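Engineer: sharing a model prediction with you, sequence too.
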Amino acid sequence: MKFFVDTADTAEIAALAATGLVDGVTTNPSLIHKSGRNFLEVIKEIAALTPGPVSAEVVALSVDEMLREADVLRKLGDNICIKVPLTLDGLTVCRRLADEGVTVNVTLCFSANQALLAAKAGAAFISPFVGRLDDIGFDGMTLIEDIRTIYDNYDFGTEILVASVRHPVHVLQAAKLGADVATMPPSVIRALAHHPLTDKGLATFAEDWLKTGQSIV
Ligand code: G3P
């Protein structure tokens, strides 16, 4: 399973990229706003921080305007992945860009039928937002299960990029369902590694090692 970091905070990306556990980055207009940075500048900086795909989202809604924005964004790095919304115009843009060999991430997916269309449009990634479905009382993971079934039925190459991840259980459930990628806030990546019994065991080891009076180097 690939782990992407869902943020435009370059300090966080650099710190987590140094762990070797990060396979890419996703951003969206809200995360860019939160960063307080110039969009093109921060995406260019992020693209240099990781060799993995960096999703940069268009903000236009028409086909022609989205294509114009995609042309600008593609120039920011060889690993730029163009993010388009799951609308008919977004899917049209996805098809055109995919036919040119551009990596496309179709975002704001909330139904299996939408995901089916994205695969037919040649999307490299589909981003179903599980947290936002949970927020309104639906089970976001049921969507992941449905998409996995459909994609396997037709051997679609589109990768399921589980998005709107709120906590480690989302990552666990996504992994058990066979999703290809989970994109998550830096705090969730860090929480994956944490367990209180690991901390407790490490403290005990340190205390007992100290009592030996020995050193390794
Ligand atoms: O960036 C895409 C997605 O992960 C954002 O989800 O619900 O945290 O805004 P959310």
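Structural biologist: Now that the structure is in, tell me what you want to look at. Residues are numbered from 1 along each chain as shown.

Engineer: what count of nearby residues applies to the nearest residue to Ile144 once chain neighbours are set aside?
Structural biologist: Excluding its sequence neighbours, the residue lying closest to Ile144 (C-beta to C-beta, 6 or more residues apart in numbering) is Leu177, at 5.0 Å. All C-beta atoms are positioned from the backbone trio N, CA, C, and that covers glycine. A count of neighbours around Leu177, defined by other C-beta atoms under 10 Å, yields 18.

Engineer: so what's Leu177 up against?
Structural biologist: Listed by C-beta atoms under 8 Å, 6 or more residues apart in numbering, the contact partners of Leu177 are Met141, Ile144, Glu145, Arg148.

Engineer: need the three-state assignment for the second one.
Structural biologist: To tie it back to what came earlier, the one meant is Ile144. Of the three states, Ile144 takes helix under DSSP: H, G, I helix; E, B strand; the rest coil.

Engineer: mind checking how far stretch 11-25 is from the chain centre?
Structural biologist: 12 Å (C-alpha atoms, centre = their mean, to the nearest Å).

Engineer: tell me how far the ends of it are from each other?
Structural biologist: 13 Å (C-alpha to C-alpha, to the nearest Å).

Engineer: okay, and the most centrally placed residue in the chain sits in which element?
Structural biologist: Centrality entry for the chain: nearest residue to the mean C-alpha point is Thr183, 3.0 Å, by C-alpha atoms, centre = their mean. Assigned by DSSP states H and E, Thr183 belongs to strand 181-184.
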